[in-house]
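In: Fold the following.
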Amino acid sequence: MSQSGALTGLIRRGGAPPLVLVLFPMLVAVLWLLMPAPLASAHAYLLASTPPDGYAVPTSPAEVSLDFDQAVTIAASPLTLTGTTGKPYQLGPATLSLGGRRLSTKVITRLADGGYRIHWQVTANDGDVVGGTVTFAVGTGFTVGVSDTRGASSLDSPIVIVARWMLFTGLALALGGVVGEQLARRILREVGAAGATRSPPAPPAAQPASQPTAPPALVVVGAGLGAAAAAVLSVDQVGVDLGRLITTGPGRLLGIELTAFAIAAALARATGRDAGRGPRRLVRLVGPPLLVVVLLVVVAAEGLRAHPHADSPIWGTALTVTHLLAVAVWVGALAHVLRVAHRWRGRAGWIRLLVYDYARIAVILVALVIITGSLEALLVLPNPASLIDTTYGLVLLAKITLVAGIVLFAVLARRRLWHSARAPATSPVGRAVRAEATGLVGVLAVTAVLVSAAPPGPATAELAAPPSPDGPLVPAGTLAGTITVIAAASAGQLVLRMTAPGRDDLGSDNTSSDNTSAEQTETRPANYQLAAQWSAPGAAPAPLTLRGCGAGCFTSPMTWRTGTNQLHLSIAAPPWPTGTATLDIPWPPRTDPTLLPNVLTAMRAIPRVTVHQAVTSDYHGYPGNETALPFAGPDFLATEPYSSGGGNPVILNRTPGEIELGLAFPSGIAIRLFVAPDYRILREEATTPNHLITSTFEYPPTHR
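Out: I've put the predicted structure just below:
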């Protein structure tokens, strides 16, 4: 082909893109449907712990539990407990619950007063091993600091980062090499010199133009490099326990990638052999399409383990798959173009056409990289400030800067291409193209660091369930308008649970109320909005930092003051009106195992009592009209949940004339009993789902 012919070819070039580019979207869609259900990804973050991090508990905890933002897996000893001097303390076997999001263990040894540290290590769903420390104290008079880490160290180990760089580079060389080979074959068909990519140019009649060329050595090298990288990551992930490649989500994804790369390497070698007849020729014909399918399996697996998937399982995975495909083809195809250009020395016209075809595709790839990368950043970064105040954001900035520089080199390379078409003495491959290729290798390195960095925030800020209380529990309950709210106060933490009429978010089977019909039960989605403020004697009011812990559930770390703490709540659950409430939390609670049995004994001895009871399902300060109900003592107790004991009673206040007792029961029942010195009940305030019941007790004169 003459130089003027090359110029005419550049100006008039068109036609359909290579078949593999048309098949990419179809293959991705098919693989998406065939892959297993997506797994939560990104690094694991510790959301809460029992005992709470940085708080003191009054007595030795019986159990330690950690709550994470996603399901985790554990090795043999994920938790260790030490004192501040480093002395170890025995723990029971560690177990996972709540779908793998809660890690728990029993504390075997009773802990003396003092400070302690819980050291933990788990494996996140992206395969990264993360760990941290929780500090707490036992007894009063001790202060401890909050641990520096919530888990998810800033970066993975250098070995993991290098292995991921190898994996991305191998994927790019293999997948981009197949695309680059398609471009080269198109040129060969046009010039009638098939096979020039593998040997010096031959006369057009040497080989028929219809014979397909074999995938280049870069594809074999890339697949082998990817397989080696996947093997290193697998060892880092599961160690010598190869069974975890099957039993854990991250292990399965790495196993899929390792298998896919191995198959790709075998296919590339098989299709690179000289064609014969029968099966070998069939392998050469179907090998390249199968190779693309196998490599797309690797891309799909990476999409399932990347950070954006944790924020949006569908869109995050789609963006990652598209982004990784674009980068891999951009890098690998350019490497193949440079390799072929070196083999085609002396064929400047061919090289110009090859570089031009690559440049057409590169424009689309660059656009995809920029668009999908920007959307991924919007998914992962919680705010613009995360770009400069987090490790993930700084690495992302470095990648953005590097890509911008590469785009500049690509523009310069395209200008040189057009100049070379008009000036035959000018080589179509100049420094700008080589700088673009070098920069793209750097992009893969930065990408390896980026996926190894902890994202700016957890996958979810909500706990899977309320944290377990530590020590005695202070129950409290009321109605905020029509919305039932139950509080559970314990050392270092507060749990608020609520339910609206027609719902069952407290776990009871009583969803009826005066304001809802049977047809309305459980038909509206939960949409609770809570604003809470805390006040205590000698302390300025302060808003609470709330975290969700399920439907109608919120929790907050607390530092309770001695005396009566107050919670001021504003609760909305559309379509129900916003309600307000104030709850008293006396602190600290005390226990007396004899108190409730004494109350039950005293009440069973009462022959007659009149209970003046008021019931409301819409409380705004007025408890409702009273109804006088005559009872014998045993008959009254038969209507109460504490008739046979239970309720974990705690003493909230004690005065010479009255004892205040708190009880909590499952299914959202909180009771305050006010008891006389002779253990007769004087007053009872009971909060049940959708009802606030206030009772005062009138005894005959002989029993006063």
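In: For the rest of this, base every contact and every neighbour count on C-alpha atoms.
Out: Will do.
In: For residue 60, what are phi and psi?
Out: The phi and psi torsions at residue 60 (degrees, to the nearest 10) take the values phi -60, psi 130.
In: actually residue 583, not the one I wrote
Out: Per degrees, to the nearest 10, the residue geometry at residue 583, taken as phi and psi, is phi -120, psi 130.
In: With residue 642 instead?
Out: Reported as degrees, to the nearest 10, the phi and psi values for residue 642 are phi -100, psi 10.
In: Strands along the stretch 251-400 of the chain, start to end?
Out: Assigned by DSSP state E, counting those that start in this stretch, the strands in the stretch 251-400 of the chain number zero.
In: What segments of the stretch 151-300 of the chain are helices?
Out: According to DSSP state H, counting those that start in this stretch, the stretch 151-300 of the chain carries its helices in the segments 158-191, 217-238, 244-247, 249-271, 279-305.
In: what do you get for the stretch 1-150 of the chain?
Out: Using DSSP H, counting those that start in this stretch, the helices found in the stretch 1-150 of the chain span residues 3-12, 19-34.
In: again with the stretch 451-600 of the chain
Out: 595-604.
In: gap between residue 172 and residue 615?
Out: 71 Å (Cα to Cα, to the nearest Å).
In: scratch that, residue 317 is what I was asking about
Out: The spacing between residue 317 and residue 615, counted by Cα to Cα, is 52 Å.
In: could the helices of the stretch 151-300 of the chain go into TSV alongside distance to residue 672 and mean neighbour count?
Out: Output for the helices of the stretch 151-300 of the chain, formatted as TSV (distance: least, Cα to Cα, whole Å; neighbours: other Cα atoms under 10 Å):
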stretch	distance to residue 672	mean neighbour count
helix 158-191	56	24
helix 217-238	52	23
helix 244-247	49	16
helix 249-271	47	23
helix 279-305	50	21
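In: Now name the helix or strand holding residue 406.
Out: In this structure, residue 406 is located in helix 391-422 according to DSSP states H and E.
In: For stretch 601-612, C-alpha coordinates in PDB please.
Out: What follows is stretch 601-612 as a C-alpha-only set of coordinates in PDB (Å, rounded to 0.1, in the frame of the first residue of the first chain):
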ATOM      1  CA  THR A 601     -46.100 -12.600  97.700                       C
ATOM      2  CA  ALA A 602     -47.600  -9.400  99.100                       C
ATOM      3  CA  MET A 603     -50.000  -9.000  96.300                       C
ATOM      4  CA  ARG A 604     -51.200 -12.600  96.400                       C
ATOM      5  CA  ALA A 605     -52.200 -12.000 100.000                       C
ATOM      6  CA  ILE A 606     -54.500  -9.000  99.100                       C
ATOM      7  CA  PRO A 607     -58.200 -10.200  99.100                       C
ATOM      8  CA  ARG A 608     -59.500  -7.000  97.400                       C
ATOM      9  CA  VAL A 609     -58.000  -4.100  95.500                       C
ATOM     10  CA  THR A 610     -59.500  -1.600  93.100                       C
ATOM     11  CA  VAL A 611     -57.300  -0.700  90.100                       C
ATOM     12  CA  HIS A 612     -58.100   2.700  88.600                       C
END
